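**Q** how does the following fold in three dimensions:
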Amino acid sequence: MKLFNALLAIVILALTASAQVTYDRIRNAADEPESWLTYSGTYFSQRYSTLDQINRDTVARLRPAWVYEANPGTNETTPIVADGIMYIAEPVSTVTALDARTGQPLWSWTPEIREDVIAPTPFRTNRGVAVLDGRVYVGTLDGHLIALDAADGALLWDVVVDDNGAGYSITSAPLALDGMVVTGVAGGEFGIRGFIDAYDAVTGRRLWRTWTVPAPGEPGSETWGPGSDWEHGGASTWVTGSFDPDLNLIYWGTGNPGPDYNGAVRPGDNLFSNSLVALDADTGAMEWYFQFTPHDTHDWDSTEIPVLFDAEINGNSRKLVAMANRNGFYYVLDREDGEFITGIPFARQTWAEELDVSGRPIVIPGSESSPEGTLVYPSMAGAANWHSPSYSPITGLFYQNARDAGGIFTANPDVEFVEGEIFTGGRQQGGGDAPVAAVRALEATTGRLVWEFGIDAAPLAGILSTAGGLVFAPDGRQNFYALDDATGEVLWDFKMRGNMQSNPMSYALDDRQYVVMPAGNVMYAFALPQHDAG
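**A** You can find the predicted model right below:
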């Protein structure tokens, strides 16, 4: 009888597999911890769950509850969970709906993508989807934005964001707001000109576009000196941003300027590359920006996740945004106006003496890429990368998977743009001491190191913190850990069957909490045994 009821539930869910996720639900996602309604959990991108069934006392009994085998390839998705349904992206740009209780597929949709598609990296991946008002949205490797019916995966609309033949691609999850869907683009290695787009959620009509490299005469264009090829200036926007509904501001990180490594052919600061930009959600107008690495020659994209939180600074309540940057510094800014609050290294860096009072780096002479090669920390992979950090409002700590590694950066004096071909002005090779990796817990308002947990290798994978007093974090050796959020002590670990290159998340169904982490092409959903959870 139990088996019959379970099968009947699956059939009913398959016939009604349509999560009705409104903007108000996403806006108030923190009050609905049983769901996971947007890429980073909430618009504030804290990747924190208030669920606490899995906690310090129970986590030792955590076991796989179900697994789902996705398409072969690099699986970087963060699932969306609502109304008992899980929506995921699979390589290359497939969207699949699963029964969130069992992992059984309900429907799947795959676009037609040419074999000769231009991909931004060797990893042909997709980091996830967005949901809004009965629709599922996904960006594709060939530069399209797609809307699907959440009930059955039927195609509702398909718009070309930009030409894949010119190097444009989408690998990030869209951000669903009130009546609109926002996306960035990848392709900086191919000499694109970066932008952030917003589209009408119902029709797919483009509402606005904000370029991240200004044209001549526009604000910031003076930072691209004589001879700069601003039309192919990079500053791609390939990781999902954050949003403050009260301020109506979107926060989005931008990538390095192009061509990479060779700064001689693009004199100046090269705005708005390596920056955090704050955009008016209605118009796309840039309200403020903060540039982390002016005139970057080390491929230190600033596309890391901007984490929003409120805290006291010098006795005053402030609205803040924090970022552990690829360049090795941890930054705290006022998210209303972009004012620099503080910045401090959270990993080994050898390129800046310090940050001045405005947050601008005081660069150490001789640390730029050079024709002879220059050893610099961090490496091109960065002290952080695209993978998500986590912030716990309970501990006030910012958790980051960090790495200390150096690289030898070489600038190529001869670089020429050819559409559809790699447009980089140099390269980076390994160098320096053996890399060191750790999960680091930083005091969120200052960046002060509180504890660290050393790991054998840093993966391109993220972190989840929970009200159960736990931090879930992977390493680069297929180990998945649960750490004490206050001390970093290991409370549980599990050996996965593949490398983790995604971010953990959590949801609950039928009074049972799950923690999900993809590894290789297998998605694991962990939970306590039924008798414990019940």
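**Q** going by C-alpha atoms from here, please, whenever you check contacts or count neighbours.
**A** Fine.
**Q** where along this structure do the helices fall?
**A** 2-15, 23-27, 530-533 (DSSP state H).
**Q** quick check: mean pLDDT of the last one?
**A** Pointing back at helix 530-533 there. For helix 530-533, mean pLDDT is 72.
**Q** and that helix, what's buried?
**A** Neighbour counts over helix 530-533 (16 or more other C-alpha atoms under 10 Å) mark no residue as buried.
**Q** residues in contact with it?
**A** Helix 530-533 is contacted from outside by 53, 511-513, 527, using C-alpha atoms under 8 Å, 6 or more residues apart in numbering.
**Q** quick one: contacts for Gln501?
**A** 74-76, 387, 459-462, 518-520.
**Q** give me the neighbour count for the closest residue to it other than its chain neighbours.
**A** Spatial nearest neighbour of Gln501, chain neighbours left out: Ala461 (4.6 Å); criterion: C-alpha to C-alpha, 6 or more residues apart in numbering. Per other C-alpha atoms under 10 Å, the neighbour tally for Ala461 reads 26.
**Q** ditto for the one 4 residues further on
**A** Residues near Ser465, counting by other C-alpha under 10 Å, number 33.
**Q** list the beta-bridge partners for the nearest residue to it once chain neighbours are set aside.
**A** Of all residues not flanking Ser465 in the chain, Val471 sits nearest, at 4.3 Å (C-alpha to C-alpha, 6+ apart). Val471 forms beta bridges with Ser465, Leu483, as assigned by DSSP bridges.
**Q** any figure for the gap between Val471 and Val515?
**A** Distance of Val471 to Val515, given as C-alpha to C-alpha, to the nearest Å: 11 Å.
**Q** could you check which of these two has the larger neighbour count?
**A** Per other C-alpha under 10 Å, whichever of Val471 and Val515 has more neighbours is Val471, with 29 against 21.
**Q** for the protein, what helix or strand is lowest in average pLDDT?
**A** helix 2-15 (a mean of 47; mean pLDDT, DSSP states H and E).
**Q** picking up where we left off before, test my guess that the residue nearest to Ser465 contacts Asp485.
**A** Yes - contact criterion C-alpha atoms under 8 Å: Val471 and Asp485 qualify, at 5.4 Å.
**Q** common neighbours of these two, please.
**A** With contacts taken as C-alpha under 8 Å, 6+ apart, the residues that reach both Val471 and Asp485 are Ser465.
**Q** give me the low-pLDDT residue ranges for the stretch 1-150 of the chain?
**A** The stretch 1-150 of the chain contains residues with pLDDT under 70 at 1-17, 122.
**Q** hmm, try it at 50
**A** Scanning the stretch 1-150 of the chain for pLDDT under 50 picks out 1-10, 14-15.
**Q** now do stretch 432-441, average pLDDT.
**A** The predicted model assigns stretch 432-441 a mean pLDDT of 96.
**Q** kindly report the same for stretch 163-181.
**A** Here the average pLDDT along stretch 163-181 is 97.
**Q** may I have stretch 353-372 as CSV, with CA atoms only?
**A** In CSV, the C-alpha atoms belonging to stretch 353-372 read as follows (Å, rounded to 0.1, in the frame of the first residue of the first chain):
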residue,chain,number,x,y,z
GLU,A,353,50.9,47.3,-0.3
GLU,A,354,47.4,48.1,1.1
LEU,A,355,44.2,49.8,0.2
ASP,A,356,44.0,53.6,0.6
VAL,A,357,41.1,55.4,2.4
SER,A,358,39.0,55.1,-0.7
GLY,A,359,39.6,51.4,-1.2
ARG,A,360,42.0,51.9,-4.1
PRO,A,361,44.9,49.5,-4.1
ILE,A,362,48.4,50.9,-3.6
VAL,A,363,50.1,48.7,-6.2
ILE,A,364,53.6,47.3,-5.6
PRO,A,365,55.8,48.4,-8.5
GLY,A,366,56.8,45.5,-10.8
SER,A,367,53.8,43.3,-10.0
GLU,A,368,52.1,43.7,-13.3
SER,A,369,52.3,41.0,-16.0
SER,A,370,55.4,41.4,-18.1
PRO,A,371,57.0,39.9,-21.2
GLU,A,372,59.6,38.2,-19.0
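**Q** got a list of contacts for it?
**A** 261-262, 291-293, 297-298, 339-340, 342-344, 350-352, 374-376, 409-413.
**Q** what's the local residue count around the closest residue to Thr96 other than its chain neighbours?
**A** Excluding the flanking residues, the one nearest Thr96 by C-alpha to C-alpha, 6+ apart is Ser108, at 4.2 Å. Residues contacting Ser108 under the criterion other C-alpha under 10 Å number 17.
**Q** what sits against Ser108?
**A** 94-97, 153.
**Q** got a PyMOL select line for the buried ones in the residues you listed?
**A** Of those, the buried ones go into a single PyMOL selection, burial set by 16+ other C-alpha under 10 Å:
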select buried, resi 94+95+96+97+153
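**Q** nearest to Pro435, of the contacts of Ser108?
**A** Pro435 has its nearest neighbour among these in Thr94, at 34.9 Å by C-alpha to C-alpha.
**Q** and that closest one, how far from Ser388?
**A** Taken as C-alpha to C-alpha, the span from Thr94 to Ser388 is 22 Å.
**Q** cool, Trp492 as well?
**A** Using C-alpha to C-alpha, Trp492 is found at 21 Å from Ser388.
**Q** could you check which of those two has the larger neighbour count?
**A** Between Trp492 and Ser388, counted using other C-alpha under 10 Å, Ser388 has the larger neighbour count: 28 against 18.
**Q** tell me how far the more buried one lies from Gly447.
**A** For Ser388 relative to Gly447 (C-alpha to C-alpha), the value is 17 Å.
**Q** then Gly366?
**A** Relative to Gly447, and taking C-alpha to C-alpha, Gly366 is found at 27 Å.
**Q** now do Asp31
**A** For Asp31, the distance to Gly447 equals 28 Å [C-alpha to C-alpha].
**Q** more neighbours, these two?
**A** Gly447 (23 against 12).
**Q** which ones are touching the more buried one?
**A** Residues near Gly447 by C-alpha under 8 Å, 6+ apart: 330-331, 343-346.
**Q** show me the strands in the stretch 201-350 of the chain, by range?
**A** Applying DSSP state E, counting those that start in this stretch to the stretch 201-350 of the chain gives strands spanning 206-211, 242-244, 249-253, 275-280, 286-291, 307-313, 316-324, 329-334, 340-345.
**Q** Thr466: which of those is closest?
**A** strand 307-313 (15.7 Å).
**Q** next, the angle strand 329-334 makes with the strand ranked longest in the chain.
**A** Taking DSSP state E as the criterion, the chain has its longest strand at strand 426-443. Using axes from the mean of the first three to the mean of the last three C-alpha atoms, to 10 degrees, the inter-axis angle of strand 426-443 relative to strand 329-334 is 60 degrees.
**Q** direction included, what does strand 426-443 pair against?
**A** Here, using DSSP bridges, strand 426-443 pairs with strand 397-411 (antiparallel), strand 449-455 (antiparallel).
**Q** for ChimeraX, write the select line for the buried members of the contacts of stretch 353-372.
**A** Selection of buried members from these for ChimeraX, criterion 16+ other C-alpha under 10 Å:
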select :261,262,291,292,293,297,298,339,340,342,343,344,351,352,374,375,376,409,410,411,412
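**Q** if I look at the residue lying closest to Ala352 once chain neighbours are set aside, how far off is Val92?
**A** Closest residue to Ala352 apart from its sequence neighbours, by C-alpha to C-alpha, 6+ apart: Val363 at 4.3 Å. Distance, Val363 to Val92, using C-alpha to C-alpha: 40 Å.
**Q** with Tyr507 instead?
**A** The value you get for Tyr507 to Val92, if C-alpha to C-alpha is used, is 25 Å.
**Q** neighbour count: those two, which is higher?
**A** Using other C-alpha under 10 Å, the more surrounded residue of Tyr507 and Val92 is Tyr507, with 27 against 22.
**Q** how close does that one get to Arg56?
**A** Distance check for Tyr507 against Arg56: by C-alpha to C-alpha, it reads 18 Å.
**Q** next: Phe423.
**A** According to C-alpha to C-alpha, Phe423 stands 49 Å off from Arg56.
**Q** out of those two, which sits in the more crowded spot?
**A** Higher neighbour count among Phe423 and Arg56: Phe423, with 23 against 18, using other C-alpha under 10 Å.
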